[in-house]
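Undergrad: no sequence on this one, just coordinates:
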């Protein structure tokens with residue numbers, strides 16, 4: 001009877017990574033190899049293979065592969081132990097798990113299920129050329145580009161064709177666009193030339209956050225995009241959906257004729273207040289001005305003919321900014337910005353677009369979000 005021992009924290013990490021894809025069958029596939037276990041989960045468009053190395057094993061044939069064992073989502077808790085060691089013994093009919101810690105012993109036996117429906121076998125990672133990117137920075141980039149990606153609104157095949165994040169190897173940019181707003185994110189040396197369905201961003205972010213390596217490898221073939229953790233060998237596969245990739249268009253933030261600096265918490269609270277105060281419309285009047293170039297100014301938020309709130313602002317360029325914006329989108333964009341906020345307006349190449357970006361840009365991931373102002377009444 002083959003027997004495998006695992007570090008509980010390694011097994012817990014592997015289970016956490018496998019849960020990135022909620023299995024459409026309601027269970028996970030466990031398959032054992034001579035020195036490791038792979039946990040496989042799939043849905044209609046995605047699958048993940050999460051590997052965990054065995055710290056010891058009963059000698060087995062080097063070509064050994066176990067049958068597939070299916071463990072329901074609730075029973076995976078049997079492998080998520082807080083004790084010091086976990087041992088799994090397998091045979092053709094069952095899988096036994098035992099967790100120990102000193103005088104404590106917990107054991108369970110899981111019968112091997114007879115599976116009537118046809119299921120895919122545990123896939124192998126195809127041999128493809130890949131691009132390595134820093135895992136933490138890539139997760140941060142995906143967070144920022146998700147601002148305009150319509151992640152929750154992307155469900156149907158048609159929506160997947162339209163709502164995608166596009167990566168441009170030249171310059172290291174990633175871009176997303178909604179109808180009234182968009183995001184441009186830069187990571188030096190990114191080097192990716194591909195497109196990702198917006199609905200897949202949470203899975204990609206989760207994989208990066210759970211990877212054991214400081215980098216992840218990104219590759220693709222005609223049908224799938226792959227994200228690989230090179231240390232553990234775990235990988236995530238996502239079905240590609242054909243889309244029309246627009247040409248890259250970048251606005252230089254230094255070209256804004258007016259730039260304001262606003263305290264992040266203050267701007268967020270006032271926009272949140274405006275969302276609650278406005279009824280029957282999304283139109284928010286935004287009026288910023290200063291009387292003398294040497295003085296700071298103030299922002300007044302309006303709805304119809306009523307003043308909603310007023311707060312101070314610092315002018316870095318220009319003396320006034322007056323436009324109407326959809327308040328819900330404005331508020332959502334500001335929530336993505338870290339630290340104090342710069343608001344840029346009156347750009348020669350896009351005079352009606354508001355640029356929203358961080359006052360401090362010392363991080364490797366740099367970004368700017370754009371919001372189209374509403375037509376004046």
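TA: It's in. Computed from a prediction, not measured in an experiment: that's the story for all the values here.
Undergrad: ok, then the element right after whichever strand or helix holds residue 333?
TA: Applying DSSP states H and E as the criterion places residue 333 in helix 327-336. Per DSSP H and E, the first helix or strand lying C-terminal to helix 327-336 is strand 341-345.
Undergrad: how many degrees apart are that following strand and helix 327-336 in direction?
TA: With axes from the mean of the first three to the mean of the last three CA atoms, to 10 degrees defining the directions, strand 341-345 sits at 130 degrees from helix 327-336.
Undergrad: could you list every residue that touches residue 241?
TA: Neighbouring residues of residue 241 by CB atoms under 8 Å, 6 or more residues apart in numbering: 157, 160-161, 164, 197. To be clear about C-beta, it is placed using only N, CA and C from the backbone, and glycine gets the same treatment.
Undergrad: Which ones among the residues you listed lie within helices?
TA: Members of the contacts of residue 241 lying in helices (criterion: DSSP state H): 157, 160-161.
Undergrad: Can you tell me which of the residues you listed is closest to residue 267?
TA: residue 160 (33.3 Å; CB to CB).
Undergrad: Point out where the stretch 201-350 of the chain drops to low pLDDT.
TA: Residues of the stretch 201-350 of the chain meeting the criterion pLDDT under 70: 294.
Undergrad: What distance do you get for residue 163 to residue 187?
TA: Computed with CB to CB, to the nearest Å, the distance linking residue 163 and residue 187 is 21 Å.
Undergrad: got it, and residue 218?
TA: Counting by CB to CB, the separation of residue 218 from residue 187 is 12 Å.
Undergrad: try residue 250
TA: In this view, residue 250 and residue 187 are 14 Å apart by CB to CB.
Undergrad: and the two? which has more neighbours close in?
TA: Taking other CB atoms under 10 Å, residue 250 and residue 187 do not tie; residue 187 has more neighbours (24 against 13).
Undergrad: Specify the residue ranges that define each domain of the protein.
TA: Using automatic domain parsing, the domain parsing of the chain gives 3-111, 131-239, 253-372.
Undergrad: any idea of the mean pLDDT for the first one?
TA: Here domain 3-111 scores 92 as its mean pLDDT.
Undergrad: what's the longest helix in this structure?
TA: Counting by DSSP H, the longest helix found in the chain is helix 264-277.
Undergrad: tell me the angle that helix makes with strand 341-345.
TA: For helix 264-277 against strand 341-345, the angle by the same axes, to 10 degrees is 70 degrees.
Undergrad: Now do the helices in this structure.
TA: Ranges of helices in the chain, per DSSP H, are 8-18, 135-145, 157-162, 201-210, 264-277, 327-336.
Undergrad: Would you mind finding the most buried of those helices?
TA: Among the helices of the chain, ranked by average contacts under mean count of other CB atoms under 10 Å, first place goes to helix 135-145 (a mean of 22).
Undergrad: start to end distance for stretch 282-298?
TA: End-to-end distance for stretch 282-298: 22 Å, by CA to CA, to the nearest Å.
Undergrad: for stretch 50-60, same thing?
TA: Start-to-end, stretch 50-60 (CA to CA) is 21 Å.
Undergrad: for stretch 58-66, same thing?
TA: One end of stretch 58-66 sits 13 Å from the other (CA to CA).
Undergrad: go on, stretch 189-203?
TA: Terminal residues of stretch 189-203 lie 23 Å apart, using CA to CA.
Undergrad: can you pull the buried residues of it?
TA: By 16 or more other CB atoms under 10 Å, the buried positions in stretch 189-203 come out as 190-192, 194-201, 203.
Undergrad: And for stretch 220-227?
TA: 220, 224-227.
Undergrad: How about stretch 296-315?
TA: When burial is assessed from 16+ other CB under 10 Å, stretch 296-315 yields the following buried residues: 297, 299, 301-303, 308, 313-315.
Undergrad: Quick one: the residues you listed as a markdown table, columns for distance to residue 81 too.
TA: Below are the buried residues of stretch 296-315 laid out as a markdown table (distance: CB to CB, whole Å):
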| residue | distance to residue 81 |
| --- | --- |
| 297 | 60 |
| 299 | 55 |
| 301 | 54 |
| 302 | 59 |
| 303 | 56 |
| 308 | 54 |
| 313 | 54 |
| 314 | 54 |
| 315 | 59 |
